[in-house]
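In: How does the following fold in three dimensions:
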Amino acid sequence: MGRFRSLVAQSPAIVIAVVAAALSLGGGAYASTQLATGHHSQQAAQARAGSAHAGQAVTTTGVSWSPITLLNGWASENSTYQSGNPKVAVQSGVVYLSGSLAQATPGSAEFALLPKQFRPTHNMWITVYTFGDTSGTLFIGANGIMEAFSPGTCGSGDTAQCYTSLASVSYPVNS
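Out: This next block holds a predicted model:
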């Protein structure tokens, strides 16, 4: 406990950043389930009534996930990290990505071609989690090209090639 207090005293900016990131990720996931299900008032009523189900997460229904076909030696990391196979869905005008991927032999950053119904109207660069607690970039082109890259190194490639998470990536379908 002494080491933790010492870290907090030396670097409050780190602690604040970690807490803010945790709250924003959790809040975004909570908000997306509320928006997707439309059961906010029902869940609030259950919470006020002390229902046994009030503390449980609301499951999004009616979402049809489509697998993302991987290219250029990229493969799912689900078997290693149990993080899900790469997939995509759209609900209420919002595109959601899920799963993780890696490229065993470094090569092209392009890992998939997104089907037309999931493509943004403009090129997008989104920050994602990559290997070793680092950040990388997910590029989604208006033409559907998807790429993952990062400035950090991992083996003979970059950290995005060692592991890239698509979890928590979402964007309006017409963005």
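In: Could you use CA atoms for every contact and neighbour count after this?
Out: Noted.
In: among the helices and strands of this structure, which one scores worst on average pLDDT?
Out: One helix or strand of the chain scores below all others by mean pLDDT, DSSP states H and E: helix 40-49, with a mean of 36.
In: How is this structure partitioned into domains?
Out: Residue ranges for the domains of the chain, per automatic domain parsing: 2-49, 66-172.
In: Mean pLDDT lowest where, among the ones you listed?
Out: Ranked by mean pLDDT, these bottom out at domain 2-49, which scores a mean of 42.
In: And for residue 100, nearest residue in space, chain neighbours not counted?
Out: residue 165 (4.3 Å; Cα to Cα, 6 or more residues apart in numbering).
In: these two touch, right, the one you found and residue 102?
Out: No: Residue 165 is beyond contact range of residue 102, at 9.0 Å (criterion: Cα atoms under 8 Å).
In: Test my guess that residue 126 contacts residue 141.
Out: No: applying Cα under 8 Å as the test, residue 126 and residue 141 come out as separate, 11.1 Å apart.
In: Tell me which of the two has more neighbours.
Out: residue 141 (18 against 14; other Cα atoms under 10 Å).
In: excluding its backbone neighbours, what's nearest that one?
Out: Nearest non-adjacent residue to residue 141 (Cα to Cα, 6+ apart): residue 123, at 4.3 Å.
In: what's near enough to touch that neighbour?
Out: When contacts are counted by Cα atoms under 8 Å, 6 or more residues apart in numbering, residue 123 touches 139, 140, 141, 142.
In: What backbone torsions are found at the last one?
Out: It stands for residue 142. Main-chain torsions, residue 142, degrees, to the nearest 10: phi -60, psi -20.
In: Please enumerate the strands of this structure.
Out: Per DSSP state E, the chain carries strands over the ranges 66-67, 74-76, 87-91, 94-98, 100-103, 110-113, 124-130, 134-140, 145-149, 153-154, 157-158, 164-165, 170-172.
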